[in-house]
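Asker: mind folding the following:
(chains A and B)
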There are 2 protein chains.
Amino acid sequence: MAVLGQDGVEGCCPALLTAPLDEDQAETLAKVFKALGDPVRLRLLSMIASRAGGEVCVCDLTPAFEVSQPTISHHLKLLKQAGLIDSERRGTWVYYRLLPQMTDRLAAILTRPAGQVPAETAPAAGAAS
Amino acid sequence: MAVLGQDGVEGCCPALLTAPLDEDQAETLAKVFKALGDPVRLRLLSMIASRAGGEVCVCDLTPAFEVSQPTISHHLKLLKQAGLIDSERRGTWVYYRLLPQMTDRLAAILTRPAGQVPAETAPAAGAAS
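Answerer: Got it, this is the predicted structure:
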C-alpha cells in the first residue's frame, strides 16, 4: 500500500487544499478517510488514542459497544490496514495503540496554508459605506 | 444535521485524540469522513479548494474526470451535504467553493495536543542498561 507523506518528513503529505490531488494520491488518501467514515471505528480510534497508557486491550474496548467481538475485531482490522493504529498480541489479548504519524499527516493535509484568508470574511456587497 | 464544533469557536470540536467520542459526535463526524472517503470526491474537493479565485464552475470540474456529469453532480451533492463545500447557481452553471470552517475543524480534531509524546519514542523493554 502506498504511504502518505513519503516525500519528506516535515513538508509531508499531498496538498489537498493548495493543489489538485492526482489520482494515485486521491486513491491512497480516500482509503484512510473511508476507514474514519464509520461511527464505531471513530469511537474505537478515539478510545485508543485517548488512553493514558498509550495502548488499550481489546478486552477493554468491546464492552463499550453493543456489537459483537468479531465485528469490533473487523473494525479494528480496517483501522490497522489504514495505518491509523497498530496492534500487538501478548498472551490471551491483543493490545492496540494509535499511530500518530497518520493522524498528524491527515491534520497537515487538512490545514490551510498560513495567511490564506477565508472568502466569507470579505465585506458583504451593498453594506453601508 | 448536527454541526461539529458548536461548543465554542476557538476551543471547538469534539476531541478525537484526547477523550473518547460519544455516539452522537461519532455519528456526525463519521458522515464528514465518509464524504472524504472516495477518490473522486477528494479530487473534486481538492480542485475546488485550490482554485485561486475561490470558486469553480462545475463546467471546469467535469472534464477532469472520466465519469458522467450526473455522477460528478452526485459526488458534489455529498460533499455539500457534509458541509465541506457550498454552491451557487448563476445562469447556466453552478459554482462551487470550499467551506474552510469544516476542513479547519477536521484538522483541529486530528491534531495532537501540544506536548503529547508519541508512545513509540519510549525505550524498548530489555535494552542494555
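Asker: going forward, measure contacts and count neighbours with C-alpha atoms only.
Answerer: Fine.
Asker: for A:Tyr96, grab phi and psi.
Answerer: Note on A:Tyr96: backbone dihedrals following degrees, to the nearest 10 are phi -120, psi 140.
Asker: that one bridge partners, please.
Answerer: A:Tyr96 has the following beta-bridge partners by DSSP bridges: A:Val56, A:Ser87.
Asker: low-confidence bits of chain A, can you list those?
Answerer: A:1-13, A:115-129 (pLDDT under 70).
Asker: residues in contact with stretch A:28-40?
Answerer: With CA atoms under 8 Å, 6 or more residues apart in numbering or on different chains as the contact definition, stretch A:28-40 has outside contacts at A:1-4, A:41-42, A:75, A:78-79, A:82-84, B:23, B:26-27, B:29-39, B:42.
Asker: repeat that with 6 Å
Answerer: Here stretch A:28-40 makes contact (CA atoms under 6 Å, 6 or more residues apart in numbering or on different chains) with A:42, A:79, A:82, B:26-27, B:30, B:33-34, B:36-39.
Asker: take those and write them to JSON lines, including distance to B:Glu55 and secondary structure.
Answerer: Formatted as JSON lines, these follow (distance: CA to CA, whole Å; DSSP: H, G, I helix; E, B strand; the rest coil):
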{"residue": "A:Leu42", "distance to B:Glu55": "31", "secondary structure": "helix"}
{"residue": "A:Leu79", "distance to B:Glu55": "34", "secondary structure": "helix"}
{"residue": "A:Ala82", "distance to B:Glu55": "32", "secondary structure": "coil"}
{"residue": "B:Ala26", "distance to B:Glu55": "30", "secondary structure": "helix"}
{"residue": "B:Glu27", "distance to B:Glu55": "29", "secondary structure": "helix"}
{"residue": "B:Ala30", "distance to B:Glu55": "26", "secondary structure": "helix"}
{"residue": "B:Phe33", "distance to B:Glu55": "22", "secondary structure": "helix"}
{"residue": "B:Lys34", "distance to B:Glu55": "23", "secondary structure": "helix"}
{"residue": "B:Leu36", "distance to B:Glu55": "19", "secondary structure": "helix"}
{"residue": "B:Gly37", "distance to B:Glu55": "22", "secondary structure": "coil"}
{"residue": "B:Asp38", "distance to B:Glu55": "21", "secondary structure": "coil"}
{"residue": "B:Pro39", "distance to B:Glu55": "20", "secondary structure": "helix"}
